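[1] no FASTA, just this:
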């Protein structure tokens, strides 16, 4: 089935984006990439620790992957812009996941600052993928500001609580003419499949795979679930009825 | 020469005249790093021609795991 996802001029055959945080050992990352089929991978930017001892995450990421640096740590649009520019200066592409957060308990994004950062970075030629709370007005403003997709949360980051914002995401899919990528909160393959059945363009996962007992098996389970959900969306789900509707003919019984 | 690197004061004496000299030090080797000097990003091709001065503020960042 030829069903590519095109974002910022890049054609993707996989609709599963993955993160690189929380793995028990980073050597799992190349194999997770392999088993998940993912082509887009997120990383964060931090100060180098002068005392040394940190591992270089980049050595675990194959060069064919599209790198999606995030702006985690940013509390304002200005900080997000600064982090995005630093990431681009590394020479690994111009994609950026805008993440502006002021709420330390639930890590919910600040949509207003996110819109401001998106305006600035899209004008500078970045492929901007903003992480956002699923609010229709904000999503439309992000689209108008030049976002390449919008990434509403399913549940707070790292909770594995699933598609708690389902109804609002459904509205974004219906009303915003941009790829909608469910980012954060998805814990189970069935939840990823549900997001895809609804018409989400892709799903971004980290914790669900990284904290599974067997991350490689879970990577494969998500790959299959996202593929199945997408196929179901394209095939068109049958109507939901209130009362039974016989699948077999109701006449011609044996007497 | 006193430099403020990632918020820590460092004295690299006379051996660090340019950003290139600083980045060639062993503690930065083998990493994909990005340098900001007094708030401005220094692109890799300009490391050699960007001089350092006493009191410069330098941020050295790199990629880490994240989602």
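    Arrived safely. Computed from a predicted model, the values in this text were never measured in an experiment.

[2] Now the phi/psi pair for residue A:189, please.
    phi -60, psi -40 (degrees, to the nearest 10).

[3] Number of residues surrounding it?
    By other C-beta atoms under 10 Å in any protein chain shown, the residues close to residue A:189 number 21. Heads up, the C-betas are built off the backbone N, CA and C, glycines and all.

[4] mind listing what residue 55 touches?
    No chain was given, so I picked chain A. Counting by C-beta atoms under 8 Å, 6 or more residues apart in numbering or on different chains, residue A:55 touches residue A:26.

[5] please go with chain B instead
    Here residue B:55 is in contact with B:2, B:3, B:4 (C-beta under 8 Å, 6+ apart).

[6] Spatially central residue for chain A, please.
    residue A:204 (2.5 Å; C-alpha atoms, centre = their mean).

[7] just checking, that residue touches residue A:42?
    Yes. Assessed by C-beta atoms under 8 Å, residue A:204 is found in contact with residue A:42 at 7.1 Å.

[8] what are the bridge partners for the residue nearest to the centre of chain A, then?
    Beta-bridge partners of residue A:204, counted by DSSP bridges, are residue A:17, residue A:183.

[9] wait, what's in contact with it?
    Contacts of residue A:204 by C-beta under 8 Å, 6+ apart are A:17, A:18, A:19, A:42, A:151, A:181, A:182, A:183, A:184, B:67.

[10] Can you turn the buried part of the residues you listed into a PyMOL selection?
    To isolate the buried ones among the contacts of residue A:204 in PyMOL, judged by 16 or more other C-beta atoms under 10 Å in any protein chain shown, type:
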select buried, (chain A and resi 17+18+19+42+151+181+182+183+184) or (chain B and resi 67)
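
[11] how near is the closest residue to residue B:7 other than its chain neighbours to residue A:215?
    Closest residue to residue B:7 apart from its sequence neighbours, by C-beta to C-beta, 6 or more residues apart in numbering or on different chains: residue A:47 at 7.7 Å. Distance of residue A:47 to residue A:215, given as C-beta to C-beta, to the nearest Å: 28 Å.

[12] cool, residue A:231 as well?
    25 Å.

[13] More neighbours: these two, which one.
    residue A:215 (22 against 14).

[14] Surely that one is in contact with residue A:20?
    No. Residue A:215 is beyond contact range of residue A:20, at 11.8 Å (criterion: C-beta under 8 Å).

[15] check which helix or strand covers residue B:59.
    Secondary structure assignment for residue B:59, by DSSP states H and E: strand B:57-65.

[16] Any buried residues in that strand, and which?
    B:58, B:59, B:60, B:61, B:62, B:63, B:64, B:65.

[17] coming back round to it: shared neighbours of residue A:204 and residue A:42, anything?
    Common neighbours of residue A:204 and residue A:42 (C-beta under 8 Å, 6+ apart) are A:17, A:18, A:19, B:67.

[18] just the residues you listed now: which is nearest residue A:247?
    residue A:17 (38.4 Å; C-beta to C-beta).

[19] which ones are touching the closest one?
    A:38, A:40, A:41, A:42, A:68, A:181, A:183, A:202, A:203, A:204, A:205.

[20] Name the nearest of those residues relative to residue A:194.
    Among those, and counting by C-beta to C-beta, the member closest to residue A:194 is residue A:203, at 10.0 Å.
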